[in-house]
Structure formats: structure tokens, C-alpha cells
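Enquirer: sequence below, structure please.
(chains A and B)
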Amino acid sequence: MSAILAFLPTIIALIPLLTKGVDEIIHLISLIRDAAKQNEEWTEELETAFLNALIATKTDPAWQPDANTDPAKEGQVDPGADPVPTPTPVPTPPTP
Amino acid sequence: MKLKQLLLLPLLSLLLFSGCSILKPGADPLVVRVEQSEAVALSTFQAVLNIDNANRSFWKTSAPPFHAFCEYLRQPHVVTLNSTNTVTLPRGSAIIYNLDQTKRAYIHSKSYSNVVITALATVEQALYEAQSWVTITSTNR
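Expert: Residues are numbered from 1 along each chain as shown, chains lettered A, B, ... in the order given. As a prediction, the model looks like this:
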């Protein structure tokens, strides 16, 4: 009983994440099904809409790295920082 | 493990039995495949990043590799919009954008299919990792 009580805050913290995760997965499955039904090349309108969606990720909060969202670092300017990040080769992503 | 398999069963059956359409005459299968991968990759990356963004501090402490993968997708990269303009995109978007540019070059010249396949492999590798994380974060709770 005490073990359950000890985990209770963690379980409560997980509930909103679980809800968010399920919503995301349901949405993702519907998008994958739509993609599987594609039977011709994109039109120019679809191509433009997709590119706009890609470029919109630049300002999406979920796509911002921790360094840009950390409130402790907000407003601080690193004097040695390069204002324009230079392109780097894509390394191997961390494996699950 | 059994719980994970049970949870994955509806997802897999939905994907397997939803079926793929037959291509219309004139549609290049490679281009359609690239476009499908681009759409699925963007949606999957968005889903993974939204899950992480819902509580970054929780994932950072409870599942550091998952958060590290999300940060990997978020790192800024410069891509060339046209001959004169560049834009900084998150890595997840940048690799999709590069694939799209490679696809467009292939459509116009029809001579770079190997380059398209290489760019496609890069996106699909990241996509595979992201889908693995979606499964893990959805079932290991």
C-alpha cells in the first residue's frame, strides 16, 4: 500500500502525458493511413503546402531546442555564439 | 512484453489492412514513395516532439535517451531555399526538406535516383527511430 502511495505522484504526473500521447498516436495513425492511400504525385499546391508546413516548424514551440526554451537562459546572449549556425553533417541519432 | 504486443496489435492491423492504393498511370513510384515518406516523417517527428514538449523536464529526467533524440531532431540546420536565400530549420525538418529538394531535382532531370534513394534512407532511418520512440513512450508506462 505504501509503495502505491509512493508512486502516486508519478502516476498522477503521467496522466496528462498519457492523454497527450494517445491523442498524438491516433492523429499519427490517421495521417499514415492518408499517406498510404496516395496514388499520384503531389500537385504544386500540395507541394507548396507541405514546404510551408516544413518551414513553419522553425517557429513551432515543440521544435525549439532546450537552449531556446530554458527560461533561465532567456535574454542571455552568448558573446561567442555564431549568429547563423553552420551546416553540419547529420550524425547517427541516439538509438532507443 | 505481452502488454506491448497487445497494444501494438491494433496499430499494426490498422496499418496492414488499410491497404495501399494502385498508382495512377504516369505517376513515378519513387516520387510517390518519397512523398509518402516525407508526409509520414513530418507527422511522426511532430508527434514525438509534441509528446516530449508536453513535459520536457519529466522526459529529461525519466527517459534521457528519448529526450536526447528529440533534441537531436530540434538542432538547427541551415538549408538553401533557392540560389540566394537560406533558412535555419530544425534537423528533423531539414532532412525532409533536403529529400524534397533532391526529389524535385530528380523530377526535372530524371538522373539522380540513387541520390534520391540515399536521401530517402536518411529520412527513413530517423523515421524508424522516431516510430520506435513513439511505441516505447506509449507502452512503457
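
Enquirer: mind showing which ranges of chain B have poor pLDDT?
Expert: Within chain B, the segments meeting pLDDT under 70 span B:1-20, B:110-111, B:138-141.

Enquirer: where do the strands of it begin and end?
Expert: B:76-80, B:86-90 (DSSP state E).

Enquirer: and those as CSV, adding mean neighbour count and distance to residue A:51?
Expert: In this view, the C-beta of every residue, glycine as well, is placed from N, C-alpha and C. Converted to CSV, the strands of chain B look like this (neighbours: other Cβ atoms under 10 Å in any protein chain shown; distance: least, Cβ to Cβ, whole Å):
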stretch, mean neighbour count, distance to residue A:51
strand B:76-80, 18, 11
strand B:86-90, 18, 11
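
Enquirer: how near is residue B:38 to chain A?
Expert: Going from residue B:38 to chain A by Cβ to the nearest Cβ, to the nearest Å gives 7 Å.

Enquirer: which non-adjacent residue is nearest that residue?
Expert: Excluding the flanking residues, the one nearest residue B:38 by Cβ to Cβ, 6 or more residues apart in numbering or on different chains is residue B:96, at 5.3 Å.

Enquirer: how many neighbouring residues does the one you found have?
Expert: 30 (other Cβ atoms under 10 Å in any protein chain shown).

Enquirer: I figured it hits residue B:123, correct?
Expert: Yes. Counting by Cβ atoms under 8 Å, residue B:96 does reach residue B:123; the two are 6.0 Å apart.

Enquirer: shared neighbours of the two, anything?
Expert: Common contacts of residue B:96 and residue B:123 (Cβ atoms under 8 Å, 6 or more residues apart in numbering or on different chains): B:38, B:41.

Enquirer: OK, contacts around the residue nearest to residue B:38?
Expert: Residue B:96 makes contact with A:54, B:38, B:41, B:42, B:45, B:123, according to Cβ under 8 Å, 6+ apart.

Enquirer: ok now do the closest residue in space to residue B:23 that isn't next to it in sequence, which residues does it touch?
Expert: Closest residue to residue B:23 in three dimensions, ignoring its sequence neighbours and counting by Cβ to Cβ, 6+ apart: residue A:39, at 5.4 Å. If a contact means Cβ under 8 Å, 6+ apart, then residue A:39 has B:21, B:22, B:23, B:24, B:27, B:32 as its contacts.

Enquirer: redo that, cut-off 7 Å
Expert: For residue A:39, the residues meeting the contact criterion (Cβ atoms under 7 Å, 6 or more residues apart in numbering or on different chains) are B:21, B:22, B:23, B:24, B:27.

Enquirer: wait, does stretch B:102-117 contact chain A?
Expert: No. Remark: stretch B:102-117 sits outside contact range of chain A, by Cβ under 7 Å from any Cβ of the partner chain, the gap being at least 7.9 Å.

Enquirer: ok, and for that stretch, which residues are buried?
Expert: Within stretch B:102-117, the residues that qualify as buried by neighbour count (16 or more other Cβ atoms under 10 Å in any protein chain shown) are B:102, B:103, B:106, B:112, B:116.

Enquirer: chain A versus residue B:41, what's the distance?
Expert: For residue B:41 relative to chain A (Cβ to the nearest Cβ), the value is 10 Å.

Enquirer: how about that residue: what's its closest non-neighbour residue?
Expert: If you skip the residues right next to it in sequence, residue B:41 has residue B:127 as its closest partner in space, 4.6 Å away by Cβ to Cβ, 6+ apart.
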